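Engineer: what's the 3D shape of this:
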Amino acid sequence: MIYLFFATGTEELEALGTADIIRRAGLKLQIVSITGQRLVTGAHGIQIQTDALIDEVEFFDADMLIFPGGMPGAANLASCPTLIERLKDHIIAGRPVAAICAAPFILGRLGMLEGKRATCYPGFEGELAGATCTGALVEQDGLFITAKGPAAVFEFGYAIVERMKDKATADALRQGMLWSEVK
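Structural biologist: Purely as a prediction, here's the structure:
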């Protein structure tokens, strides 16, 4: 199971675009609220009905954790003690994590990006302690996939699919979603 976390103020495009691509690939994904309520309001006032509450999630079956950005959404994710503890356990278990926009700062503040290539929304580079900030649209290094911001959502989603399934599936999605025509 892949878990994508949603907080008050999360960037809706990053969360829903990523979720859409992952589900199109046939991967199991749940959108998880950290607020205690299933209906959560994103950064632009769009209300999202999540699939589960964080207290209902069994993290032992987590294949990947995904952190969308947006502010104050990423800050709200970072201030959730349950989520941070589960994130640490997930990393210790050697399982992948993906974060986009402002959200890579969560990993950076925990020292998880030390010696890794990473990218984030411009202005958050100083929060990625020990990382080599590349400025790339999407960066993959070890357990981590990071992305720059809303415009990176497609490549971020495809990178997750490639990591969790295979390149052929990611490429087929690019074709089927006409992404290859955009570039």
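Engineer: ranges for the strands of the protein?
Structural biologist: For the chain, the strands defined by DSSP state E cover 2-6, 29-33, 39-41, 47-49, 52-53, 64-67, 97-100, 117-118, 132-133, 138-141, 144-147.
Engineer: check which helices and strands the third one sits against.
Structural biologist: Going back to what we said before, that points to strand 39-41. In terms of contacts (3 or more CB pairs under 8 Å, 6 or more residues apart in numbering; DSSP states H and E), strand 39-41 is packed against strand 47-49. Just so you know, the C-beta spots here come from the backbone N, C-alpha and C atoms, and that holds for glycine as well.
Engineer: contacts for the least confident helix or strand in the chain by mean pLDDT?
Structural biologist: When each helix and strand of the chain is scored by mean pLDDT, DSSP states H and E, helix 179-182 comes last, with a mean of 82. With CB atoms under 8 Å, 6 or more residues apart in numbering as the contact definition, helix 179-182 has outside contacts at Phe154, Tyr158, Leu173, Arg174.
Engineer: contacting residues around Cys80?
Structural biologist: Cys80 neighbours (CB under 8 Å, 6+ apart): Ala7, Ile34, Ile54.
Engineer: most neighbours of all those, which one?
Structural biologist: Most neighbours among those, by other CB atoms under 10 Å: Ala7, with 28 neighbours.
Engineer: many thanks, we can stop here.
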